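**Q** got a sequence here, can you build the structure:
(4 chains)
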There are 2 protein chains.
Amino acid sequence: MVTIIDVARAAGVAPSTVSYVLSGKRSISPETRRQVERSIRRLGYHPHAGARALASSRTKVLALVIPLRTDLNVGVVMQFVAAVSLAARRYDHDVLLVTKDEGPGGLKRVAGSAIADALIVMDVESADPRVPMLLALDRPVVLIGTPADPGGLTCVDLDFNAAGATAVRHLVRLGHRAVGLVGPSPAVYERGTSFAERFRRGFTETAEERGVRSTIQPCAHSYEAAEACLDALFARDPGITALVVQNEAVLGPVLADLRHRGKRVPSDISVLAVCPDSLAENQLLPLTTIGVPADELGELAVEMTIRQLAGEAAGRTRLLAPRLIRRTSTARHG
Amino acid sequence: MVTIIDVARAAGVAPSTVSYVLSGKRSISPETRRQVERSIRRLGYHPHAGARALASSRTKVLALVIPLRTDLNVGVVMQFVAAVSLAARRYDHDVLLVTKDEGPGGLKRVAGSAIADALIVMDVESADPRVPMLLALDRPVVLIGTPADPGGLTCVDLDFNAAGATAVRHLVRLGHRAVGLVGPSPAVYERGTSFAERFRRGFTETAEERGVRSTIQPCAHSYEAAEACLDALFARDPGITALVVQNEAVLGPVLADLRHRGKRVPSDISVLAVCPDSLAENQLLPLTTIGVPADELGELAVEMTIRQLAGEAAGRTRLLAPRLIRRTSTARHG
DNA sequence: ATGAAAGCGCTAACAC
DNA sequence: GTGTTAGCGCTTTCAT
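**A** A predicted model of the protein is given here:
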């Protein structure tokens, strides 16, 4: 193995000088720097991560806690993972994967064994049992999603409340007076995943405020579930003329089933999807969306994490404003 | 921070004894073990990962190299990631994410800085530029997928060649004489991703062997692409009565488009999907599939990695036999 | 069955 | 602007 001592010897300097060249923590003469960098390249030197971590109490690793459930859309999860990984590398950090099923204990393990400097946590629930643990860890933490009580933790998320409101307002403006929501799977609501909750709230309240009828129905991830969901929705309010779908996994099934029922989009019924834009563009007809900016959120999460590692205080919650993009699936009613 | 010395003091033993209790590398009297374990629990001790790595040259971390492209199905990638993470924890290891876009240099970085003990690499191409690097690394490596020349690296994969053959045989047995393949996106073929190649080969060769016509068409990930793909397929052979879809992302679009064309599944046309079973079950009608066993493969990859870490020789390629599950989307023809 | 102690490779005072 | 050196917390000989 090539060590810092080998490099130092080859460059004719002290090991600490090599260290300082690498860290930039003190000024180095151009000549020395050149020598050292040349030796590093020539020898193919990479600092030993463990040794560095031991000496500096910094691993340059971010732990990313991911959900395993398949009732959350795996595509979006993957988008987050990719975005976080890429952003982390940009800040010269690596990403360690931790699965949500390890629970609070997993967080403690990761922090306790100093295997990561900070944690980014996805799929946060309203009363998430991990929040107290995270607080106790005394390490930088960023939640993607927002618990009911963040207790001072930094959160980044789409403003789902505003998103629900925006969706309804768009439809009301088009003349719709009865709107339906195809929500995430029942399990998502049951465990109080906050984005579902908040969207529903923005949706319902805005509908009330605007004096239009609103009906809400969770929807599991299958064709039958989508069918059953629409059955329920139309049974409860046959007058529904616009649907908001906050469940990408059933976007296809919902559209297919509407066709089945002889309802044409958007002439008979408007459809507004809450999902990554990339997904909405590739549907049978381009869908009007409120985008879920997974890439942006992932990047933002990393940025906030790095800032905390640099000493900035935690606690700032950042909710991204929803952006509605009108495509062809929503139209004027009446 | 709680160190091994704190634990040793609390238990009234030497630090090395604590270490041995943890590693099990020498016998400990029951009484001592009890004392030590109690102290560990009481103090909430976790060994410092960096220190351990430095002293033992073992990080207990597996690097997982994932593709970022969205022309590969993200859902399946996520399934692999989840399976690998879970399996790794079962062997008391963690998973470090490396993105494919870092290229061979990323692999060198990870190995060179001793941040992981072994590598698991996904989305392997026929002439993958990472293979030579992987070989030079001299660390345990497992590829999920198979390059043209593994050069002694361990591979695990579905036997896509056999899968292609199995698909055709199933359809031939049902009386079909002209079959079409909706393949992965053109980009996947272009970069020589091996599973596409091999499936196509098994598909074509078996068709020839059985004297049936076969037509192949890659398909990008959108509704229009699916439409264009079917257009091309039927233009090249209007007699096609069975479709094999090796591209989960367009499963929905393909089925919708067939309906559009007035072709009923399976009475007018049979459809066989190559995808995770979970996906096939939730379609409008349950699809006959050859399953892509992402979970199994992920687990297997970890198992082979751990074995190599334990000293077993590399190089054994394991191809899982395809399993066809007949559901309702394939039927007798003629 | 247990202890003592020498590193593992690096960083960060402390010196000059 | 650079060198010297004392640890960081653990594993693993070498002793006994």
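
**Q** residues contacting the closest residue to chain B within the stretch 101-250 of chain A?
**A** Closest residue of the stretch 101-250 of chain A to chain B, Cβ to the nearest Cβ: residue A:112 (3.3 Å). Yep, even glycine has a C-beta here, placed from its N, CA and C like the rest. By Cβ atoms under 8 Å, 6 or more residues apart in numbering or on different chains, residue A:112 lies in contact with B:44-46.

**Q** try residue A:128
**A** Contact analysis of residue A:128 by Cβ under 8 Å, 6+ apart lists residue A:147.

**Q** for residue A:34, see how far away it is.
**A** Residue A:128 is 51 Å from residue A:34, where distance means Cβ to Cβ, to the nearest Å.

**Q** same question for residue A:175.
**A** Taking Cβ to Cβ, one finds residue A:175 at 71 Å from residue A:34.

**Q** what about the residue in the stretch 151-300 of chain A that DNA strand C sits nearest to, how many neighbours?
**A** Residue of the stretch 151-300 of chain A nearest DNA strand C, by Cβ to the nearest atom of the strand: residue A:154 (24.1 Å). Residues near residue A:154, counting by other Cβ atoms under 10 Å in any protein chain shown, number 22.

**Q** okay, residue A:260: pLDDT?
**A** On pLDDT, residue A:260 comes in at 88.

**Q** where do the helices of the stretch 1-150 of chain A begin and end?
**A** A:4-11, A:15-23, A:30-43, A:49-56, A:74-90, A:103-112, A:130-137 (DSSP state H, counting those that start in this stretch).

**Q** swap in the stretch 201-334 of chain A?
**A** For the stretch 201-334 of chain A, helices defined by DSSP H, counting those that start in this stretch occupy the ranges A:223-236, A:251-260, A:277-281, A:294-309.

**Q** distance from the second one to the middle of the chain?
**A** Averaging C-alpha coordinates over helix A:251-260 and over its chain gives two centres that are 27 Å apart (Cα atoms, centre = their mean, to the nearest Å).

**Q** buried residues, that helix. List them.
**A** Burial within helix A:251-260, assessed by neighbour count using 16 or more other Cβ atoms under 10 Å in any protein chain shown, is assigned to A:251-258.

**Q** stretch A:15-22 close to chain B?
**A** No - counting by Cβ under 8 Å from any Cβ of the partner chain, chain B is not contacted by stretch A:15-22; separation bottoms out at 11.8 Å.

**Q** how far off centre is that stretch?
**A** Its chain's average C-alpha position is 38 Å from that of stretch A:15-22, according to Cα atoms, centre = their mean.

**Q** buried ones in it?
**A** Neighbour-count burial for stretch A:15-22 flags A:17-22 (criterion: 16+ other Cβ under 10 Å).

**Q** how is chain A partitioned into domains?
**A** As given by automatic domain parsing, the domain ranges for chain A are A:4-52, A:61-159+A:294-320, A:160-292.

**Q** can you tell which of these is closest to DNA strand D?
**A** Between these, domain A:4-52 lies closest to DNA strand D; by Cβ to the nearest atom of the strand that is 2.8 Å.

**Q** returning to what we had before: what sits against the residue of the stretch 151-300 of chain A closest to DNA strand C?
**A** Contacts of residue A:154 by Cβ under 8 Å, 6+ apart are A:140-143, A:304, A:308, A:314-318.
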